[in-house]
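S.K.: The following block contains a protein sequence and its predicted model.
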Amino acid sequence: MKRGLFLAGWMLLCLPTMQAQQKESAAAVYTRYYEIHGQGPDSALNALMAPYKLGVDTMMQVVVGHCDVPLTKSQPESTMGNFVADAQLSAAQAIDQSVSCAVANYGGLRIPYLAPGAITRGKVYELMPFDNTITILEIPGRVVQQFCDHMAARKGWPVSGLTFVISGDKAMDIKINGQPLNEDLTYKMAVNDYMAEGGDNCDMLRPLRRRKTTVFVRDALLQYLAALDHAGIPLHPSLENRISYAE
């Protein structure tokens, strides 16, 4: 059974984003089918799945945007990471204009590279396959410092509206929207729900007040690309020293 597992309903996981950029969706339901290795393909199963596979393949090939630079995943900063963080911040600010910054976890980016040119819906799903939603945190300045130290120790994560310098395993010269971090202030930061609940060792975020949203991070990427494409503007993230190493 080790090599024969076939998730026959995998395409149903794609449905939430395909329903007109919806804000809410029912939980995806799928059925597991098993094909025993050595018994050959199951023609009845293949026939059953064929129309669904065709429909999903067609939807996944839809072009949702264009980029004119390579999107690469790297640390401490990358074009792919900047795109994801910027899209996440844009979606959060559409809900609450007072959101100052956004952070995405590096491990959440699931492909290393996208070539310049057309970006399909399927590529966005490959980049962000999880059904994580955006959470808006109210984060005190002192916790921002802890969180940035956490990112610095892990060589930098995608950020937007936030900059700092890595010195050793600490974050120095932290700025939010170009202003030095004030530990006496409370900021609003957009992260995914996985991080907000302490995922990726982000335990410092768990006690914070938050506003949960129904916006999938993946939908934020699709909406960001669609808005640019509608305006005739290609995606063009650049490296801006959002996170850099001390000299």
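M.R.: Now that the structure is in, tell me what you want to look at. Numbers count the residues shown, from 1 in each chain.
S.K.: beta partners of Q179?
M.R.: Q179 has the following beta-bridge partners by DSSP bridges: I176.
S.K.: got it, and C67?
M.R.: Beta-bridge pairing of C67 under DSSP bridges involves G117, L235.
S.K.: tell me the contacts of it?
M.R.: 83, 114, 116-117, 119, 234-237 (Cβ atoms under 8 Å, 6 or more residues apart in numbering). Where C-beta positions appear, they are placed from N, C-alpha and C, glycine not excepted.
S.K.: May I ask which of the residues you listed has the most neighbours?
M.R.: Neighbour counts for the contacts of C67 (other Cβ atoms under 10 Å) peak at F83, which has 26 neighbours.
S.K.: Confirm that that residue sits in a strand.
M.R.: No - using DSSP: H, G, I helix; E, B strand; the rest coil, the secondary structure at F83 is helix, not a strand.
S.K.: Name the nearest residue to it, ignoring sequence neighbours.
M.R.: With sequence-adjacent residues excluded and distances taken as Cβ to Cβ, 6 or more residues apart in numbering, F83 is closest to P237, at 4.6 Å.
S.K.: if I pick that neighbour, what's in contact with it?
M.R.: By Cβ under 8 Å, 6+ apart, the contact set of P237 is 67, 69, 71, 79-80, 82-83, 86.
S.K.: Could you report the distance from it to S160?
M.R.: P237 sits 10 Å away from S160, going by Cβ to Cβ, to the nearest Å.
S.K.: Between these two, which contacts overlap?
M.R.: Contact criterion Cβ under 8 Å, 6+ apart; residues shared by P237 and S160: 82, 86.
S.K.: just to revisit the earlier point, in a markdown table: the contacts of P237, plus pLDDT and distance to V103.
M.R.: Formatted as a markdown table, the contacts of P237 follow (pLDDT from 0 to 100; distance: Cβ to Cβ, whole Å):
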| residue | pLDDT | distance to V103 |
| --- | --- | --- |
| C67 | 97 | 22 |
| V69 | 96 | 22 |
| L71 | 97 | 18 |
| T79 | 98 | 17 |
| M80 | 98 | 15 |
| N82 | 98 | 12 |
| F83 | 98 | 14 |
| D86 | 98 | 12 |
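S.K.: Of the residues you listed - the most surrounded one?
M.R.: Of the contacts of P237, F83 is surrounded by the most neighbours, 26 neighbours in total, counting by other Cβ under 10 Å.
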